[in-house]
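**Student:** With the sequence up front, the predicted model follows.
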Amino acid sequence: MQVTRRRNPIPTTSAVHSTSLSSSSLPAPHLENGGCWIEGSFDGSAMGLELPPGPLVRCGSISVGGFIGLGNMGAHMVRNLVMAGYKVTVHDINENTMKKFSDDGIPTKQSPLEVSESSNVVITMLPSSAHVLDVYNGRDGLLANGGHLGPWLYIDSSTVDPQTSRKISMDISRCTLKEKKAYAEKPMMLDAPVSGGVPAAEAGKLTFMVGGSEEAYLAAKPLLLSMGKKTIYCGGAGNGSVAKICNNMAMAISMLGVSEAFALGQNLGIKASVLTDIFNCSSARCWSSDTYNPVPGVMIDVPSSRNYDGGFTSKLMTKDLDLAMASASEVGFKCPFGSQALEIYRKLCADGCELKDFSCAFRHYYAGKDEN
């Protein structure tokens with residue numbers, strides 16, 4: 001078979017919405033990472049992907065039908081999907097947010113159930129475990145059709161506890177498809193939380209940590225890469241959520257450790273910029289020192305040099321640490337550093353810093369000074 005690589009320009013919104021969801025008419029997504037589409041199927045060989053042959057990975061089988069949750073992250077993810085050539089129907093509890101998407105020509109629905117009824121794949125990006133459970137299992141939720149589902153694949157990119165991810169996955173596994181698909185015998189779910197924050201969501205450079213069946217992961221990979229730069233398969237259901245809460249716990253502990261060291265150095269008479277240079281060419285080098293430095297004035301274009309505005313809030317870090325500590329308790333595992341980090345971020349939130357970037361611990365907990 002002759003293979004032709006096509007690098008189509010990104011379609012306009014109007015062009016996207018004039019297409020159907022069929023594999024024969026859906027525009028070929030523009031893939032910066034070198035993937036291509038062959039006779040309606042995604043070819044990942046240029047990216048080193050080993051995707052199974054057959055209809056499972058056909059363009060039509062992974063086209064997005066629905067996206068629920070249009071907050072700071074979800075809104076950018078939807079727009080990247082549209083720019084990649086997917087037709088998307090959206091829902092959010094905020095009517096003003098939905099109107100913005102409707103004004104841009106993106107169809108909206110009034111409930112998760114309505115989204116489900118017009119979709120073959122649904123992505124959710126929600127604030128908490130409670131929101132996820134309500135959207136899936138609540139009244140007019142995604143699974144409110146008596147166990148007979150239209151979508152063959154559900155992808156939850158929310159940051160939630162692994163127990164919630166596994167419960168929803170189990171609930172979906174007990175359901176059947178309304179119509180049999182050539183590429184799926186039963187509905188499947190992936191938990192696929194992300195790393196990178198709002199800037200990466202906007203730039204389409206998220207990292208997805210994915211749990212669930214490997215078959216579903218391979219089918220969804222091209223779709224995820226239209227919103228991100230990297231996907232990592234973590235194993236079975238809930239393992240994506242495990243990876244996310246462990247990553248964020250380590251990130252919090254690292255940030256506190258670096259902040260404490262910088263504040264100590266200042267009190268002992270050394271400038272934070274000098275310590276930063278030392279850390280970044282020594283064994284203390286880490287993301288918190290070389291990419292997201294917490295000391296105001298040491299690095300530009302990071303929250304610490306914007307009065308800790310923007311970025312990943314202390315409130316969200318507290319939420320994620322709560323998830324990690326609750327999950328640790330479930331299995332009887334002690335996390336002394338994680339527990340201490342949670343105490344510190346709870347105090348920061350109580351002291352009025354809940355909307356400040358989590359690196360604000362340097363100033364507001366350790367009383368560190370700006371770099372002059």
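**Tutor:** Now that the structure is in, tell me what you want to look at.
**Student:** Give me the residue ranges of this protein where confidence is low.
**Tutor:** 1-64 (pLDDT under 70).
**Student:** domain ranges for it?
**Tutor:** Using automatic domain parsing, the domain parsing of the chain gives 13-237, 247-364.
**Student:** The top helix by length along the chain: what's the following helix or strand?
**Tutor:** Looking across the chain with DSSP state H, the single longest helix is helix 239-267. Note on helix 239-267: by DSSP states H and E, the next helix or strand toward the C-terminus is helix 272-279.
**Student:** got a list of contacts for that following helix?
**Tutor:** 258, 261-262, 265-266, 284-286, 289-290, 293, 295, 297-298, 368, 371 (Cβ atoms under 8 Å, 6 or more residues apart in numbering). Backbone N, C-alpha and C define where each C-beta goes, glycine included.
**Student:** Tell me which residues of that helix come out buried.
**Tutor:** Of all the residues in helix 272-279, those buried under the rule 16 or more other Cβ atoms under 10 Å are 272-273, 275-276, 279.
**Student:** That one: what's the following helix or strand?
**Tutor:** Past helix 272-279, the next helix or strand by DSSP H and E is helix 287-290.
**Student:** For that following helix, buried residues please.
**Tutor:** Residues 288-289 are the ones in helix 287-290 that count as buried (16+ other Cβ under 10 Å).
**Student:** With stretch 177-194 instead?
**Tutor:** Quick answer for stretch 177-194 (16+ other Cβ under 10 Å): 177, 181, 183-184, 187-194.
**Student:** give me phi/psi at the residue nearest to the spatial centre of the chain?
**Tutor:** Closest residue to the average C-alpha location of the chain: residue 194 at 2.8 Å, with Cα atoms, centre = their mean. Here the main-chain torsion angles of residue 194 (degrees, to the nearest 10) amount to phi -130, psi 160.
**Student:** how close does it sit to residue 209?
**Tutor:** 7 Å (Cβ to Cβ, to the nearest Å).
**Student:** Overlap in contacts, the two.
**Tutor:** With Cβ under 8 Å, 6+ apart, residue 194 and residue 209 have common neighbours residue 244.
**Student:** which of the contacts of helix 272-279 are buried?
**Tutor:** 258, 261-262, 265-266, 284, 286, 289, 293, 295, 298, 368, 371.
**Student:** Closest one to residue 203 out of those residues, please.
**Tutor:** Residue 203 has its nearest neighbour among the buried ones among the contacts of helix 272-279 in residue 293, at 20.7 Å by Cβ to Cβ.
**Student:** What distance do you get for the closest one to residue 273?
**Tutor:** 9 Å.
**Student:** Residue 239 now?
**Tutor:** Residue 239 sits 40 Å away from residue 273, going by Cβ to Cβ.
**Student:** coming back round to it: phi, psi of the nearest residue to the residue nearest to the centre of the chain once chain neighbours are set aside?
**Tutor:** Distances taken as Cβ to Cβ, 6 or more residues apart in numbering place residue 206 nearest to residue 194, at 4.3 Å, with adjacent residues excluded. Dihedral pair for residue 206: phi -70, psi 160, per degrees, to the nearest 10.
**Student:** all strands for this structure, in order.
**Tutor:** In the chain, the strands defined using DSSP state E lie at 36-38, 41-43, 66-68, 89-91, 121-124, 148-149, 153-156, 176-177, 188-191, 194-195, 206-212, 228-235.
**Student:** Those: which one's closest to residue 109?
**Tutor:** strand 89-91 (4.9 Å).
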